[in-house]
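Asks: okay, here's the prediction I keep looking at, along with the sequence it came from:
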Amino acid sequence: MTGIELLETALAGFPVGTPPDRLYRFYDEGAIAALRDGTLKISPPKDLNDPFEMWAGISEDGLHEEDVVRSLVAENGMFRRMMKVKRPDVLRNERAYRDWARRVVRATPNQWTGHLKSYVRGIAAGAGDLGIASFSSFTDDDLNGPLGIRHWAMYGDKHRGFAIEYNGKHQCFNAWAGSKWFFPVKYLDDRLQVSLKEFDEWSDSKMFQMFRRLSEVKCSLAWGNEKEWRLIHPIFRRVERAVTSRGEKFPFIRLWPSAQPSDTPQLPVDIIRRVIWGVNTPTHLKTEIQNAVKQPHLGKIEIWETNTCDKDFALRLKRIK
């Protein structure tokens, strides 16, 4: 089974979401390629900006001595799978391995929680071939009000960048939602808890399922409700890499072909509806955006600007093109 087939099988039991009509992403000053070339950055879990992302709460259930021993010796458990890679010599004698596991557990009762933590760390590491892209499903009120202002400040380069409104009904988003890769985030007051027994029967399929469970939840107390939708995309499938101004490489996918034969005109882009300047977008970036949408296949993309309101704490949008 290929990696993509394994992922599709693992996500089969999750519901199919219905993408919203409009989806927004906020970009910094150097991300003009997202508009000009249709690039969509996908971030490995380790690069997400919330320290609680991909990190479940640890349940104390199943942390008794016998349960921890069972976890270490389980034939199809996660620990044995890791040992086969890191310490295959320990597994050569089954009886000796079981004796070793019991001695270790008895000698380190204060490390049982750490044992479970290592499993949780292994999920993000094991799913390292997957990346995440986030969108916000804003209404006009969200975009113009406090929630939009916060997004411009946090993700839009302190209002110096720009936002892109994507067409949530485009076939790309519908296809991703149909394959369970595109879904709404759940905002919870309490952390998702995992217990030791969940790792006694482990497989790559269960790893992807756990990854999906962890990637769809955020803390409502810290983040409120950002109306986020997330895309999980394999980094190993149709993915290119770009270099940032700081010399860092990041993976991305293209929302439309990068080039066409010279005698074949590019089809009009309908996955982007409009691009919006921030309150502090510099003149040179505005010019780059205007030049980008002069390309024939981007000609239907609207340009809007954002201004602060003199009467209240709100933003006002005005169409430029």
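Replies: That came in fine, so what should we check first?

Asks: helix or strand for Phe138, which one?
Replies: Assigned by DSSP states H and E, Phe138 falls within no helix or strand.

Asks: need phi/psi at it.
Replies: phi -80, psi 150 (degrees, to the nearest 10).

Asks: what sits against it?
Replies: 22, 24, 147-148, 227 (C-beta atoms under 8 Å, 6 or more residues apart in numbering). Quick note: C-beta positions are derived from backbone N, CA and C, even for glycine.

Asks: please look at Tyr97 and Val90 and confirm they touch.
Replies: Yes. Taking contacts as C-beta atoms under 8 Å, Tyr97 lies within contact range of Val90: 5.8 Å.

Asks: which one of the two has more residues nearby?
Replies: Using other C-beta atoms under 10 Å as the criterion, Tyr97 and Val90 rank with Tyr97 on top: 17 against 14.

Asks: contacting residues for the more buried one?
Replies: 73, 90-91.

Asks: any chance of those in CSV, plus pLDDT and secondary structure?
Replies: As requested, those are exported to CSV (pLDDT from 0 to 100; DSSP: H, G, I helix; E, B strand; the rest coil):
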residue, pLDDT, secondary structure
Val73, 94, helix
Val90, 86, helix
Leu91, 90, helix
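
Asks: between those residues, which sits nearest Asn110?
Replies: Minimum distance to Asn110 across the contacts of Tyr97 is 20.6 Å, recorded for Val73 (C-beta to C-beta).

Asks: rewinding a little: which of the contacts of Phe138 ranks first by neighbour count?
Replies: Counting by other C-beta under 10 Å, top hit in the contacts of Phe138: Gly148 with 25 neighbours.

Asks: distance of that one relative to Asp157?
Replies: 15 Å (C-beta to C-beta, to the nearest Å).

Asks: now swap in Ala10 and tell me
Replies: 36 Å.

Asks: then Asp89?
Replies: Distance from Asp89 to Asp157, by C-beta to C-beta: 52 Å.

Asks: what of Lys206?
Replies: Taken as C-beta to C-beta, the span from Lys206 to Asp157 is 39 Å.

Asks: now for Asp99, how many residues are close by?
Replies: 11.
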